[in-house]
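Undergrad: no sequence on this one, just coordinates:
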């Protein structure tokens with residue numbers, strides 16, 4: 001028992017053995033909550049007080065919830081970014097509508113060249129009119 005400077009009992013934190021922690025973790029994997037009799041049996045088998053087992057489970061549930069919430073937030077961010085990516089892809093498809101439409105024979109060459117440059121790296125190397133002086 002430790003005493004503080006005024007001579008009052010000082011609370012000490014219990015340290016659990018690896019075997020105790022292992023058993024507590026295994027039990028926690030099976031059930032997140034222990035009823036009174038289960039808690040009493042576990043405490044007795046591990047040489048702990050019921051209060052220690054109860055508090056350990058409370059703390060472990062808090063840790064589990066935080067981890068679970070962080071995993072859910074990460075999954076949501078991933079889903080949101082995928083949704084945004086797909087949304088962006090569908091917007092690009094709308095822009096591609098011009099490219100997929102039949103060309104108007106009366107449209108100007110510049111508009112056609114812009115469409116080709118937009119959809120073919122390096123402009124596609126396609127010339128609509130041969131340079132002057134060359135036969136077609």
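TA: Received, thanks. Bear in mind the structure is a predicted one, so any value in this text is a computation, not a measurement.
Undergrad: neighbours around residue 56, how many?
TA: Residue 56 has 23 neighbours, counted by other Cβ atoms under 10 Å. (Each C-beta comes from the backbone N, C-alpha and C, glycine too.)
Undergrad: same check on residue 25?
TA: So residue 25, with other Cβ under 10 Å, has 11 neighbours.
Undergrad: ok, residue 118 next?
TA: 13.
Undergrad: by contact count, what packs against the longest helix along the chain?
TA: In terms of residue count, the longest helix belonging to the chain (DSSP state H) is helix 50-100. Packing contacts for helix 50-100, counted by 3 or more Cβ pairs under 8 Å, 6 or more residues apart in numbering; DSSP states H and E, involve helix 18-30, helix 36-46, helix 109-119.
Undergrad: mind putting those helices into a markdown table with distance to residue 70 and mean pLDDT?
TA: A markdown table is the format used below for the helices and strands packed on helix 50-100 (distance: least, Cβ to Cβ, whole Å; pLDDT from 0 to 100):
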| stretch | distance to residue 70 | mean pLDDT |
| --- | --- | --- |
| helix 18-30 | 18 | 95 |
| helix 36-46 | 28 | 94 |
| helix 109-119 | 42 | 71 |
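Undergrad: most centrally placed residue in this structure?
TA: residue 74 (2.0 Å; Cα atoms, centre = their mean).
Undergrad: angle of the helix or strand of the chain with the lowest mean pLDDT against helix 50-100?
TA: Least confident helix or strand, the chain: helix 109-119 with a mean of 71, by mean pLDDT, DSSP states H and E. Going by axes from the mean of the first three to the mean of the last three Cα atoms, to 10 degrees, helix 109-119 is angled at 150 degrees with respect to helix 50-100.
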